[in-house]
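Enquirer: what follows is a predicted structure for the sequence shown.
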Amino acid sequence: MSMFGSIPILPRIKRLLRSSDIQVSLYREMQRALALDQSRFPDAIVLPEKYGKGLPERAVEILIARLTYAPGKRVLDVGYANIMKCHAMMVKSLPSPRNLTGIDIAEPAYDASQLYRQAHRGDITHTPFDAASFDLVWCISSLEHFGMDNSGYTADFVRDTLMDARAVREMLRILAPGGQVLITVPYGRYEDLGTQRNYDREHWQSLLAIGRPLAHVRGWYFRHTFGRGWHEVDAEQLRYVGYFDQANAGAGGLAVTLMTKA
């Protein structure tokens with residue numbers, strides 16, 4: 001249940017988010033941003049005017065994921081089993097050679113063999129992968145679900161408030177030197193929404209602290225407003241933003257980190 005008593009807000013939002021029109025719009029917004037000069041990434045991310053207006057945070061997330069990719073990189077996509085159509089469209093558009101692996105506690109809801117070379121049913125906090133197995137790890141809108149109620153995806157889950165921290169450690173362990181971990185989460189004021197969290201500064205910084213001894217940690221914060229769509233902001237501007245504040249079928253604020261392993 002949601003923060004609004006007995007009204008199941010999150011399931012309704014998830015159904016809306018998966019509508020074909022929204023998913024195609026998200027992918028087209030990514031393409032609109034990629035048409036701009038993004039050569040300064042990761043020092044800067046350029047968003048078009050009124051980027052993703054009325055759309056959820058995937059507009060930003062799949063863009064940054066695409067910017068981290070290069071042909072031939074060994075990529076691990078964490079939480080791949082229920083990716084949204086815009087995410088799948090982004091993966092399908094990646095230039096070859098594509099070498100993507102997926103990991104998830106749930107079985108994929110689609111034919112993953114069309115997008116991923118390998119797929120693993122398992123827990124990202126304890127993987128079968130050797131150290132330095134991947135050049136790039138994507139954890140896109142997944143970390144906020146770790147240790148929460150995942151009964152909507154699988155019965156094979158546990159509740160554990162420290163699972164997200166263990167996941168960050170494991171993602172860094174299996175990352176090759178010079179490789180990158182991309183993590184995105186809804187961000188603002190802290191909210192326990194049952195199936196996921198809305199992170200705040202305290203919880204988010206505790207996770208970033210795990211990476212700092214091992215990696216260069218770079219971060220961005222984004223906010224959606226009705227007048228401007230998604231735009232980059234200072235973290236302080238998101239302090240009081242709740243998950244449902246923008247009625248955009250997603251989060252009102254977004255935190256993104258890119259950890260580059262030493």
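Expert: It's in.

Enquirer: quick one: the strands in the stretch 151-262 of the chain?
Expert: For the stretch 151-262 of the chain, the strands defined by DSSP state E, counting those that start in this stretch occupy 175-186, 191-192, 197-198, 215-225, 229-232, 253-261.

Enquirer: which strands and helices lie in contact with the last one?
Expert: Same thing as strand 253-261. Packing partners of strand 253-261 (3 or more CB pairs under 8 Å, 6 or more residues apart in numbering; DSSP states H and E): helix 58-68, strand 175-186, helix 201-211, strand 215-225. To be clear about C-beta, it is placed using only N, CA and C from the backbone, and glycine gets the same treatment.

Enquirer: if you set the cut-off to 10 Å instead, what comes out?
Expert: Applying 3 or more CB pairs under 10 Å, 6 or more residues apart in numbering; DSSP states H and E, we find strand 253-261 packed against helix 58-68, strand 134-140, helix 163-173, strand 175-186, helix 201-211, strand 215-225, strand 229-232.

Enquirer: in JSON lines, list the ones you listed along with mean neighbour count, distance to A262 and mean pLDDT.
Expert: Below are those laid out as JSON lines (neighbours: other CB atoms under 10 Å; distance: least, CB to CB, whole Å; pLDDT from 0 to 100):
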{"stretch": "helix 58-68", "mean neighbour count": "24", "distance to A262": "17", "mean pLDDT": "98"}
{"stretch": "strand 134-140", "mean neighbour count": "24", "distance to A262": "14", "mean pLDDT": "98"}
{"stretch": "helix 163-173", "mean neighbour count": "20", "distance to A262": "10", "mean pLDDT": "98"}
{"stretch": "strand 175-186", "mean neighbour count": "22", "distance to A262": "7", "mean pLDDT": "98"}
{"stretch": "helix 201-211", "mean neighbour count": "16", "distance to A262": "10", "mean pLDDT": "98"}
{"stretch": "strand 215-225", "mean neighbour count": "19", "distance to A262": "6", "mean pLDDT": "97"}
{"stretch": "strand 229-232", "mean neighbour count": "20", "distance to A262": "26", "mean pLDDT": "98"}
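
Enquirer: my guess is H216 meets G179, correct?
Expert: No - counting by CB atoms under 10 Å, H216 does not reach G179; the two are 11.5 Å apart.

Enquirer: any residues in contact with both of these two?
Expert: 259-261 (CB atoms under 10 Å, 6 or more residues apart in numbering).

Enquirer: by neighbour count, which of those wins?
Expert: M259 (25 neighbours; other CB atoms under 10 Å).

Enquirer: isn't it right up against V137?
Expert: Yes - counting by CB under 10 Å, M259 touches V137, with 8.9 Å between them.

Enquirer: identify the contacts common to the two.
Expert: 171-172, 175, 179-183.

Enquirer: next, give me the two most distant ones among the residues you listed.
Expert: The widest separation within the shared contacts of M259 and V137, taken as CB to CB, falls between G179 and I183 and amounts to 13.5 Å.

Enquirer: give me the common contacts of those two.
Expert: Contacts common to G179 and I183, judged by CB under 10 Å, 6+ apart, are 137, 171, 259.

Enquirer: with distance to R201 and pLDDT added, can I get the shared contacts of H216 and G179 in a markdown table?
Expert: Below are those laid out as a markdown table (distance: CB to CB, whole Å; pLDDT from 0 to 100):
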| residue | distance to R201 | pLDDT |
| --- | --- | --- |
| M259 | 18 | 98 |
| T260 | 22 | 98 |
| K261 | 24 | 98 |
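
Enquirer: let's check: the centremost residue of this structure is which one?
Expert: Nearest to the mean C-alpha position of the chain, by CA atoms, centre = their mean, lies I140 at 1.6 Å.

Enquirer: quick one: contacts for that one?
Expert: 57-58, 61-62, 64-65, 77-80, 83-84, 87, 90, 182-185, 256.

Enquirer: returning to that earlier point: could you dump the strands of the stretch 151-262 of the chain to CSV with distance to V241?
Expert: Formatted as CSV, those follow (distance: least, CB to CB, whole Å):
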stretch, distance to V241
strand 175-186, 9
strand 191-192, 10
strand 197-198, 8
strand 215-225, 7
strand 229-232, 13
strand 253-261, 4
